[in-house]
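Enquirer: Sequence plus the predicted model coming up.
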Amino acid sequence: MGRQRAVRRKTADRDSNRIAMFAITVVVICMALVVNVKVASLKEKAAAYQAREEALSQQVAKEEERAADLEQYRIYVQTKEYIEKTAKEKLGLVNPDEILLKPEQQ
């Protein structure tokens, strides 16, 4: 009788160890799946952020180019050439040494 108890106890211990190992294996696999899903999600976010960063870098470059163009225009507006051109186009003024030729009207 004592021997049967020992065999039953060993069998019960073996079964409980198998159940525990199975449960631990299931938990580890579930954790691995969750980590895998999170990693994939983070990779997608990283790719989206990279694309946005590149788009913003291009936009910054365009704006810097535009700022340089505006600075050149600001300098040009302050020149005598621009003032004379504007006076001729908008006000119809001419320099004293210029001869104005008008086309004949028919």
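Expert: Yes, it's here.

Enquirer: Show me the shaky parts of the chain.
Expert: Applying pLDDT under 70 to the chain flags the ranges 1-3, 6-7, 100-101, 106.

Enquirer: Please, where are all the helices along it?
Expert: 2-77, 80-86 (DSSP state H).

Enquirer: Turn these into JSON lines, columns for mean neighbour count and distance to residue 99.
Expert: Where you see a C-beta, it was placed from the backbone N, CA and C, and this is true even at glycine. Below are the helices of the chain laid out as JSON lines (neighbours: other C-beta atoms under 10 Å; distance: least, C-beta to C-beta, whole Å):
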{"stretch": "helix 2-77", "mean neighbour count": "10", "distance to residue 99": "27"}
{"stretch": "helix 80-86", "mean neighbour count": "11", "distance to residue 99": "16"}
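
Enquirer: can you put those in JSON lines and add distance to residue 96?
Expert: Output for the helices of the chain, formatted as JSON lines (distance: least, C-beta to C-beta, whole Å):
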{"stretch": "helix 2-77", "distance to residue 96": "24"}
{"stretch": "helix 80-86", "distance to residue 96": "12"}
